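**Q** here is my input; please provide its structure:
(chains A, B, C and D)
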There are 2 protein chains.
Amino acid sequence: MKKVPEPTIRRLFCYYRCLKNDKSDIIPDYVCSDTLGEKIGIKPTLLRRDLSFFGHMGRKGKGYNKNKLKIRLEEIIGLNKEWEIALIGAGNLGKAILSYNQFREMGLYITEIFDNDLDKIGRKVNGYLVKNVKFIKQVLQEKGIKIVIIATSEDDVEGIVHQLKKTNIEAIWNFTTAHIDLGDDVIVVKEDLCCSLGSIICNINK
Amino acid sequence: MKKVPEPTIRRLFCYYRCLKNDKSDIIPDYVCSDTLGEKIGIKPTLLRRDLSFFGHMGRKGKGYNKNKLKIRLEEIIGLNKEWEIALIGAGNLGKAILSYNQFREMGLYITEIFDNDLDKIGRKVNGYLVKNVKFIKQVLQEKGIKIVIIATSEDDVEGIVHQLKKTNIEAIWNFTTAHIDLGDDVIVVKEDLCCSLGSIICNINK
DNA sequence: TAGATTGTTAATCGATTAACAATC
DNA sequence: TAGATTGTTAATCGATTAACAATC
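**A** Numbers count the residues shown, from 1 in each chain, chains lettered A, B, ... in the order given. So this is what the prediction gives:
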């Protein structure tokens, strides 16, 4: 199969969510690329191209069967499985991520929480015990967790990455300002909030 | 001037932050594109191209004067000014955004908070009074606020956008799942957390 | 059949990279 | 001067869009 571009992968999720939240439910059972695209601000032709990476999913003259498409997207993304995720950093941002309901709704569960603050360690946040960062390696191995969210301060990242290198994790969602590189085998997605806000300012500043 | 690509604008901010956080301070006063690029995981040639949109900023054979470059970037981005921002939605995510220190460090101040929850309205969060969403239009006009962060649930967005259309805002930072379009005059940056996590899952799921 | 809409190819647009002359 | 590094041009790569044949 041809390599699927990263922007396409992100949009797959948008299509999926749109179908999942669709209140009109089964009727009409078909939706065309025009309608679905418009809902998320995407040209119909781009939507069709995105979907075509995964084979014929629509019906010419009719559109896409909503339910079938939803199930197919669920499989493609991997949301038909349950995923366990570890969170490192139980500060304000970490807590907000924890209490972000939408993740759970999709079968994404944050089941391990770590921090280096002795005041937090041993307490519960959202029902889960905050563990000492020291045990990251050990716990991740034990539980076979593949995905880690880092929401600490930049200064703590180096030590954390050092630990993570010894694990089998496959992806990091990085909310810190640090640049993280664990080689080609570990996906790193950076969520740079300052950068987003900064780019907004820059665009207005003209 | 040639149009500056959006990815370039985002990176400008990274360069700026890197210089700002540079503890080695003044000495050495020059940094070359190789060194600076490596710190943020960007090829030196891309860094040079990015900067070249704004004229000659470096010295051949030497590199970039750190302090001069920092000041110049500050001007370009607009961080030499102070910016007032309104936050709509004082839930978990909203509160995390509020307490995210890094914004303040850059002269970005969230000075108005709105919510539609009567339990929250009238209380203070981070020292600022939570106001009723009803008054968005009025308050934004009065204070001349140009930037709005929306961190509500998707369902509340329609009403908010309806209000915002009657104001002079220039940019929206959208943390909800809703698709927002206020025409070409209003920049909308979407921070789609589910989509990011979803794309991570999809990449791992292969 | 006529109308609607997909799926795909080729064209276009935009961003990154490689190469290198200019020059400090 | 020799070495280092910028700034810029052309080449490449990648993603989006337009066009349209296929077909339900």
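
**Q** do you know the pLDDT at the residue lying farthest from the centre of chain A?
**A** In chain A, counting by CA atoms, centre = their mean, residue A:61 sits farthest out from the average C-alpha position, at 33.9 Å. The pLDDT attached to residue A:61 in the predicted structure is 96.

**Q** what do you get for the one 10 residues further on?
**A** Per-residue confidence (pLDDT) for residue A:71: 97.

**Q** any idea which element it lies in?
**A** With elements taken from DSSP states H and E, the one containing residue A:71 is helix A:66-77.

**Q** contacts only, for residue A:90.
**A** A:98, A:113, A:114, A:115, A:117, A:120, A:125, A:130 (CB atoms under 8 Å, 6 or more residues apart in numbering or on different chains). All C-beta spots, glycine's among them, are computed from the backbone N, C-alpha and C.

**Q** which residue packs closest to it, ignoring adjacent ones?
**A** Spatially, and ignoring its direct neighbours in sequence, residue A:90 is nearest to residue A:115 (4.4 Å; CB to CB, 6 or more residues apart in numbering or on different chains).

**Q** ok, the one you found touching residue A:133?
**A** Yes - at 6.5 Å, residue A:115 and residue A:133 qualify as touching, with contact defined as CB atoms under 8 Å.

**Q** touching both of these two, which residues are there?
**A** Shared contacts of residue A:115 and residue A:133, defined by CB under 8 Å, 6+ apart, comprise residue A:88.

**Q** who has more neighbours out of those two?
**A** Taking neighbours as other CB atoms under 10 Å in any protein chain shown, residue A:115 and residue A:133 compare with residue A:115 leading, 24 against 19.

**Q** pLDDT at that one, what is it?
**A** The predicted structure scores residue A:115 at 98 on the pLDDT scale.

**Q** show me where chain A has helices.
**A** Listed in chain order, the helices of chain A (DSSP state H) span A:6-21, A:33-40, A:44-52, A:66-77, A:92-98, A:101-105, A:136-143, A:154-164, A:193-205.

**Q** pick the most deeply packed of the ones you listed.
**A** Among the helices of chain A, the stretch with the highest mean neighbour count (mean count of other CB atoms under 10 Å in any protein chain shown) is helix A:92-98, at a mean of 22.

**Q** which bits of chain A sit near DNA strand D?
**A** Near DNA strand D, the residues belonging to chain A are A:5-8, A:42-43, A:45-46, A:49, A:59-62 when assessed by CB under 7 Å from any atom of the strand.

**Q** what is the nearest of those residues to residue B:204?
**A** Using CB to CB, residue A:6 is the member of the residues of chain A next to DNA strand D that lies nearest residue B:204, at 13.6 Å.

**Q** who are the neighbours in contact with the nearest residue to that closest one once chain neighbours are set aside?
**A** Setting aside the residues directly before and after it, residue A:6 is nearest to residue B:199 in space (CB to CB, 6+ apart), at 7.1 Å. Residue B:199 makes contact with A:6, A:9, A:10, A:13, A:189 under the criterion CB under 8 Å, 6+ apart.

**Q** one more: residue A:133?
**A** Neighbouring residues of residue A:133 by CB under 8 Å, 6+ apart: A:88, A:114, A:115, A:116, A:156, A:159, A:160, A:163.

**Q** out of these, who's nearest residue B:54?
**A** For residue B:54, the nearest member of these is residue A:156. The distance, counting by CB to CB, is 34.0 Å.

**Q** now the closest one: how far from residue B:106?
**A** Residue A:156 sits 21 Å away from residue B:106, going by CB to CB, to the nearest Å.

**Q** so which helix or strand of chain A has the lowest pLDDT on average?
**A** Of all regular secondary-structure elements in chain A, judged by mean pLDDT, DSSP states H and E, the least confident is helix A:101-105 with a mean of 89.

**Q** and it, how far out from the chain's middle?
**A** From the chain centre to the centre of helix A:101-105 is a distance of 11 Å (CA atoms, centre = their mean, to the nearest Å).

**Q** which elements pack onto it?
**A** For helix A:101-105, the packing partners by 3 or more CB pairs under 8 Å, 6 or more residues apart in numbering or on different chains; DSSP states H and E come out as helix B:193-205.

**Q** how far out from the middle of the chain is the helix it packs on?
**A** When distances are taken as CA atoms, centre = their mean, helix B:193-205 is centred 23 Å away from the chain's centroid.

**Q** report the two of the contacts of residue A:133 separated the most.
**A** With distance counted by CB to CB, no two of these lie farther apart than A:115 and A:163, which are 13.6 Å apart.
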